[in-house]
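>>> okay, sequence plus prediction incoming.
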Amino acid sequence: MIRRPGPRPEHLVPAAALLLVVIAFAGTPLVTGTALATFDVYNALQGLAQIGLLALAIGLTMIAGEFDLSVVGTYAVGGMIAVQAGQSSAVLGLLAAVAAGAAIGAVQGGLIAWLRIPSVPVTLAAYIALLGLAYALSDGRSITFTNREAILWVDQTVAGVFSPRSLITLGGFALAAVVLGTTRLGAELRAIGGDRRAARVAGVRVERNLVLLFTASGTLAALGGGLLSFSFASANPDPGLRPLLIAAVAALLGGVSLAGGRGTPAGLLAGALSVALLAQIVAVAYLPDYSTQLFYAALLAVVVAVDSPGLRRTVARVRARTRAVEA
Amino acid sequence: MSAPTAEPAPGSEPLVTVEALARGFAGVPAVRRVSFTVGAGEIHALCGHNGAGKSTVVKMLSGQLAPDAGRILLDGKPVALRNRQAAQRLGVALVDQELSVVPALTVLENMQLGDIDAGFFKRRRAALRRCREVLDDMGLDRVRPDQPVAALSMGERQLVEIAKALSQRARVVILDEPTATLSEAESRRVFAAVRRVAARGCAVVFVSHRLSEVLELCDTVTVLRDGRDVATRPAAGLTVDGLIVTMLGEAPHRLEATRRPDPDLTHALRIGGLHVPGRLDGFTLTARAGRIYALAGQLGSGASDVLRALAGLHPQATGSVELRDRSVPFRDPVGAARAGIAFVSNDRKGEGLFLGKSVAGNLVATRLDRLGAGGLVGAGRERRTARSLAGLAGLPADRLADPVLALSGGNQQKVFVGRSLGRDDVHVLLLDEPTRGVDIGGRAAIHRLLRDAADAGLVVVFASTELEELLELGDVILTMRDGRVVSTYDGGANGAALMRDMTEGKDAA
């Protein structure tokens, strides 16, 4: 009997990535000679807070077969609005940032869904426009955040290793996991990403879901940007492309595919954690800063190769051959 | 044939009424005027030759296309089926011709996908139980609800899709070619399930090319031809032959192949035991240069897989291919092309032309290496070559600079075919549906092109589902079904015989 190779296990990539990085993290004392402190874990989670929501935003759009390049723009605008509106009330600032992010996402989602424009040109244009908006809002300068209470609050330690900022980030992942896991939306998003025609024929409201998706992605990016600028006590009109690239690496390590249809919030969290831990390993081991990039590249290469169809096919072929020889 | 009784059995109210539906595409009518009714509990077949308008009627009935004229009534009330959701809300379930289960999702997720009855939150336990029942009903006891569909065979996927449609609380179930990819035993399961659904009081619309299947399963048959309903009859009094005559219209025997004398050329292409897992089972043919070989087969028959395997597009194919006594590396497209095999796909947009580029650019696209030296292409030679190819292919010379996108379907196809003409290193020309989406004038011109190519010493092999084309063009016609050759006609074929072999196989009643 011919056995068809099964589909790739969805959690293989994120589990492999996280496992590799956790082992490396646990092994750092062997190199540094000093034991790991809870402070190191706290710092890793702070790193997660910095890129986690961005990775979640991009990852969710990738599951549906789209790609939201505008998240960094929304991240910058969200940070700017949170600082400007939050000088007296931090909550008000975050709410304003989130509302702006949702609106930015909804407009883009509408263009992508109803005018059937591919997401890359739409979100690329939006990214550039949003950078312009962030400059306009700030006159091109960094804006200092003077709400001391909020600055101290977002990064205070909770239970040794957490902070309100990392807890909110984890909450974002938990919410996404619950929504995608317990409602029809999860399956519908993967259906839209996996086979859009089939989803449409099955009666999935593709357009409405795309608008919801981009609204969610804008909201998450703006929230991440707002929290970051509280933590830095200033908002920067141009965060550069680094956050986008790192978030994309985290999403790929999280098991989503550029072709769409694959991935879960749990996987995305594992991907984002891997990236954050890797940065922390570099910091703990006093390695030069540029080595972080090299590690990211190496981890991505290894994990993607492990999961590659070519490798799987070769393995399957070798197995079939050895079996044929045995028989 | 018995007396026409278009009305449903007395006492049963027609559940579905289709009234004078019409729909065209870009000015070309696909459905001109189609009316029929389906009562509750009735299984109603739509039959017709390719292009008769069956799929367009199905699309209108399932909410995927809006009619240009006419209306659809459910329970005697006119309804607007604006999209799939609207149709589903009115109780219209569909098994699409193309597989529309999503491989990335599990069986259960697919069952629930788009189900308007399912709530916003997933209720797992009840849904699992229900899914299990539905799968067992369909004989899929080895399939688990939490298994990804990607792990199932094509036949199993098709059964899951049918199970899904039948499990929805639908009053109207449309099945468009549900058994094209299924085995005999699997088809039996589907029939039993369809009968159960009808017994529940559903109206079932069943579209199939397999006519004996239609006669076995259905109560009533409506035959479409050229976008019109030409007959509605109870299935009980019909025979396969009678149905074929009705589908083809006036005396199909007039369509007879004209056989050309054998050209005195040595064997050119030898195909031995060509096998593609799940698609093609041992195809053997020795094709002489100068003749045109026609592969007649419906979707899933393996006809187009023969061509794709020869063109190197089925890497898992096995068997042997020899061209002029030399073995052809047919598992990769570049090797096949080097050996002199040119392939014209049935998907000229996806696998053929560069739509945004000019006619000239497309004509020379596969011979750039012969138009210059050192990786540079000589503009003058490119222009001259394009002009001569346009002449060969019968394309107007003043349109060479136009983007292919702006051409009619017929001219686009001429560009696609023209690309493989006029080169001494092409020995075999393979064409999948050479005149799909081409008007009558363009069709005749393309047929002439292929005949000229054969006369120039090429082996021409094409696959088609159109009887007229098969009979007009094929010197030798091979009918195929379920991945095997059913019959070979070296002259003496006629429309009815071809149709029977393609749809029913050799041993049909």
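On my side now, so go ahead.
>>> tally of neighbours for the closest residue to chain A within the stretch 201-350 of chain B?
Residue nearest to chain A within the stretch 201-350 of chain B (C-beta to the nearest C-beta): residue B:277, separated by 7.5 Å. Where C-beta positions appear, they are placed from N, C-alpha and C, glycine not excepted. Residue B:277 is flanked by 13 other residues according to other C-beta atoms under 10 Å in any protein chain shown.
>>> which non-adjacent residue is nearest it?
Nearest residue to residue B:277 in three dimensions, chain neighbours excluded: residue B:316, at 5.7 Å (C-beta to C-beta, 6 or more residues apart in numbering or on different chains).
>>> please identify the helix or strand for residue 185.
No chain specified, so I'll use chain A. Using DSSP states H and E, the element containing residue A:185 is helix A:184-194.
>>> hmm, no, I was thinking of chain B.
Counting by DSSP H and E, residue B:185 is found in helix B:184-199.
>>> now do residue B:33
Residue-wise, residue B:33 maps onto strand B:28-39 under DSSP H and E.
>>> for that strand, list every residue counted as buried.
By neighbour count on 16 or more other C-beta atoms under 10 Å in any protein chain shown, the buried set for strand B:28-39 is B:29-32, B:34, B:36-39.
>>> for chain B, which residues score under the pLDDT cut-off?
The model of chain B has pLDDT under 70 over residues B:1-13, B:116-118, B:250-267, B:372-373, B:375, B:437, B:439-441, B:506-509.
>>> pull the contacting residues for the residue of it positioned farthest from its centre.
No residue in chain B sits farther from the centre than residue B:374, which is 43.5 Å out by C-alpha atoms, centre = their mean. The contact partners of residue B:374, by C-beta atoms under 8 Å, 6 or more residues apart in numbering or on different chains, come to none.
>>> then residue B:356?
Applying C-beta under 8 Å, 6+ apart, the residues contacting residue B:356 are B:403-405.
>>> from the stretch 151-300 of chain B, which residue is nearest to chain A?
For the stretch 151-300 of chain B, C-beta to the nearest C-beta, closest residue to chain A: residue B:151, 4.9 Å.
>>> any idea which helix or strand carries residue 20?
Since you didn't name a chain, this refers to chain A. Counting by DSSP H and E, residue A:20 is found in helix A:12-32.
>>> was after chain B, sorry
strand B:14-25.
>>> what's that strand in contact with?
Against strand B:14-25 from outside (C-beta under 8 Å, 6+ apart): B:8, B:29-40, B:42, B:56-57, B:60-61, B:65-76, B:171-172, B:203, B:205, B:227.
>>> about what we covered before: whichever helix or strand comes after the helix holding residue A:20 vs helix A:184-194, what angle?
Counting by DSSP H and E, the next helix or strand C-terminal to helix A:12-32 is helix A:38-63. Counting by axes from the mean of the first three to the mean of the last three C-alpha atoms, to 10 degrees, helix A:38-63 lies at 60 degrees to helix A:184-194.
>>> strand partners (parallel or antiparallel) of the strand holding residue B:20?
Paired strands of strand B:14-25, with direction, are strand B:28-39 (antiparallel), strand B:69-74 (antiparallel) (DSSP bridges).
>>> for whatever helix or strand comes next after the longest one, packing partners?
So the one you mean is strand B:28-39. Reading on from strand B:28-39 to the C-terminus, the next helix or strand found by DSSP H and E is strand B:43-48. Packing partners of strand B:43-48 (3 or more C-beta pairs under 8 Å, 6 or more residues apart in numbering or on different chains; DSSP states H and E): strand B:28-39, helix B:54-61, helix B:184-199, strand B:203-207, helix B:211-217, strand B:220-225, helix B:240-248.
>>> show me how far strand B:43-48 is from its chain's centre.
Centre-to-centre, strand B:43-48 and its host chain are 17 Å apart (C-alpha atoms, centre = their mean, to the nearest Å).
>>> just the C-alpha atoms of it, please, in CSV.
The C-alpha coordinates for strand B:43-48 follow below in CSV (Å, rounded to 0.1, in the frame of the first residue of the first chain):
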residue,chain,number,x,y,z
ILE,B,43,-33.9,14.0,-8.4
HIS,B,44,-33.6,16.0,-11.6
ALA,B,45,-30.8,15.6,-14.0
LEU,B,46,-29.3,18.3,-16.2
CYS,B,47,-27.6,16.8,-19.2
GLY,B,48,-25.9,18.3,-22.2
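>>> who in the stretch 51-200 of chain B is up against chain A?
B:64, B:84-85, B:88, B:94, B:96, B:98-105, B:109-110, B:112-116, B:118, B:120-122, B:148, B:150-151, B:153 (C-beta under 8 Å from any C-beta of the partner chain).
>>> mind giving me the PyMOL select for those residues, buried ones only?
In PyMOL, a selection of the buried entries from those looks like this (16+ other C-beta under 10 Å):
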select buried, chain B and resi 64+84+85+88+94+96+99+100+101+102+103+104+105+109+110+112+113+114+115+118+122+148+150+151
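>>> so of the residues of the stretch 51-200 of chain B next to chain A, which ones are in helices?
B:84-85, B:88, B:109-110, B:112 (DSSP state H).
>>> so how far is residue A:177 from residue B:187?
Residue B:187 is 42 Å from residue A:177, where distance means C-beta to C-beta, to the nearest Å.
>>> returning to what we had before: what's the closest of the strands paired with strand B:14-25 to residue B:272?
Of all those, strand B:28-39 sits nearest to residue B:272, with 41.1 Å by C-beta to C-beta.
>>> about what we covered before: do the helix holding residue A:185 and chain B meet at all?
Yes: shown here: helix A:184-194 in contact with chain B (C-beta under 8 Å from any C-beta) through A:184, A:187-188, A:190-191, A:193-194.
>>> closest one to residue B:449 out of those, please.
The closest of those, once distances to residue B:449 are taken by C-beta to C-beta, is residue A:194, at 40.3 Å.
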